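Student: here is the input, now give the coordinates:
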Amino acid sequence: MTIRIEDEMHEELLSRANAQGVTLSDLMRRALAETLNQGRTNDDLDRGGRAIPPATMTTLERHQLAMLHRVLARLVDGDGDDGDREHQLGLARILESGYVVDYEDVFISLEAELPRRDAQLVMDILEMFYFLEWSYNQLSDSEKDALGESTRYRVRFRGFDFNNRREARLHGFAKYLIDDGKWEDLAVYFDREHERGNSHMPMLRAYERMLEEFNPIWKERVRQMTIGGSFNAQLSLAEIRQITDAVVHPDNRGR
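Tutor: Residues are numbered from 1 along each chain as shown. This next block holds a predicted model:
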């Protein structure tokens, strides 16, 4: 199959493929597979990618879910995310009565599945910023001065844009990982002082550009270790500059 696309689009697709550590062909195959998959699961997603309630359920499914809500009604204290006893009993009645129009109330808290590639992208971003900031902190004051104030700003994780649905989903997974004890040194960027991880501006494209530079560097470190060499996790001053300068669009570098 041959398609024609503009040079700008080709460059962006190639950049995203490099950021994810795959070939352009692999990236396009994934996109096509997801398109076919979305066609098969369209009944489960709304136009914004959110999970929507099923149009119908079997009697057995309704009975099982209704019983679970009745059990939960006996356990809730009214102070948690599950609401109070009457709320849970109301959900059970919706299912028992088959009120399809109100199934949305039963499934309102469900999100669409987070694709594996997006989950991996979040982990790659957190891993990059963990070593990027750690390496920067190992530098001397004179080395930090040589990199400048902009680099000091760019080595720190900025969060994700809550106004962008995809970035908001990525933030939710990042917060889940942090709460689970992974990349704990980055937990500070999810506190109140840092807007709970809300960047208030799109950040994903900048992170992908940085990953495009970071991934080859990191893969070479791992390769050297696997052939018997020592593993040095600290990024050099030049590598830090190379990665953080990628935040600037390639067309604008040096201007």
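
Student: quick one: low-confidence ranges for the stretch 51-200 of the chain?
Tutor: Scanning the stretch 51-200 of the chain with the threshold set as pLDDT under 70 gives 51, 78-79.

Student: recalculate using a threshold of 90.
Tutor: Applying pLDDT under 90 to the stretch 51-200 of the chain flags residues 51-57, 76-84, 104, 107-115, 165.

Student: that one: strands as residue ranges?
Tutor: For the stretch 51-200 of the chain, no strands are identified by DSSP state E, counting those that start in this stretch.

Student: quick one: the helices in it?
Tutor: Here the stretch 51-200 of the chain has its helices, by DSSP state H, counting those that start in this stretch, at 59-75, 85-97, 103-107, 116-137, 141-147, 149-154, 165-179.

Student: now do the contacts for the residue most central in space within the chain.
Tutor: Residue closest to the mean C-alpha point of the chain, counted by Cα atoms, centre = their mean, is L170 at 2.5 Å. By Cβ atoms under 8 Å, 6 or more residues apart in numbering, L170 lies in contact with 118, 121-122, 160, 204. (Glycine included, C-beta is placed from N, CA and C.)

Student: export those residues to CSV and tack on neighbour count?
Tutor: As requested, the contacts of L170 are arranged in CSV below (neighbours: other Cβ atoms under 10 Å):
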residue, neighbour count
D118, 15
L121, 20
V122, 21
F160, 28
L204, 19
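
Student: nearest to G148 among these?
Tutor: Nearest to G148 out of these is L204 (Cβ to Cβ; 24.4 Å).

Student: what about the nearest residue to that closest one once chain neighbours are set aside, how many neighbours?
Tutor: Leaving aside its sequence neighbours, L204 sits nearest to E167 (Cβ to Cβ, 6 or more residues apart in numbering; 5.5 Å). With neighbours defined by other Cβ atoms under 10 Å, the count for E167 comes to 21.

Student: surely E167 is in contact with F160?
Tutor: Yes - counting by Cβ atoms under 8 Å, F160 is a contact partner of E167 at 3.9 Å.
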